[in-house]
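Participant: quick one: sequence plus predicted model below, questions after.
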Amino acid sequence: MNDEMPWVNLTQEEVNDLRNKKFELTQYGKQKLRKMMNDNSTIDEMIEIAEEREAANRELEKDT
């Protein structure tokens, strides 16, 4: 690492630690993305509920 980037003053242990943390964050992000993709029906339901509430609010505004 120091040969490639001499301005970075890290030990090999610190470099390995950073690589491990990057890997963990990447795995965490992949898991979150998979969960969001699997929960797509839930998101669709939430959007539908929001649209129904907006329509109801518009009706209430007409009445006032």
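Facilitator: Noted; the coordinates are in hand. Numbers count the residues shown, from 1 in each chain.

Participant: show me the contacts for residue 35.
Facilitator: By CB atoms under 8 Å, 6 or more residues apart in numbering, no residues touch residue 35. Backbone N, C-alpha and C define where each C-beta goes, glycine included.

Participant: so it, which of the three states?
Facilitator: Following DSSP: H, G, I helix; E, B strand; the rest coil, residue 35 is assigned to helix.

Participant: return the distance of it relative to residue 42.
Facilitator: Distance, residue 35 to residue 42, using CB to CB, to the nearest Å: 10 Å.

Participant: do a quick rundown of the helices in the chain.
Facilitator: Secondary structure of the chain, counting by DSSP state H: helices at 12-38, 40-63.

Participant: got the angle between the last one and helix 12-38?
Facilitator: In this case it means helix 40-63. 60 degrees (axes from the mean of the first three to the mean of the last three CA atoms, to 10 degrees).

Participant: please shift the residue numbers so they start at 803 in all later answers.
Facilitator: Sure, I'll start counting at 803 from here, so that last one is helix 842-865.

Participant: tell me the mean pLDDT for helix 842-865?
Facilitator: Averaging pLDDT along helix 842-865 gives 82.

Participant: roughly how far does residue 827 sit from residue 821?
Facilitator: In terms of CB to CB, residue 827 sits 11 Å off from residue 821.

Participant: one more: residue 808?
Facilitator: Residue 808 is 19 Å from residue 821, by CB to CB.

Participant: quick one: which of those two has more around it?
Facilitator: When neighbours are counted by other CB atoms under 10 Å, residue 808 and residue 821 differ, and residue 821 comes out ahead with 11 against 8.

Participant: the more buried one and residue 829: what is the separation?
Facilitator: 13 Å.

Participant: in stretch 841-858, what's buried?
Facilitator: Neighbour-count burial for stretch 841-858, counted by 16 or more other CB atoms under 10 Å, picks out no residue.

Participant: let me see the contact set for residue 840.
Facilitator: Residue 840 touches nothing, counting by CB under 8 Å, 6+ apart.
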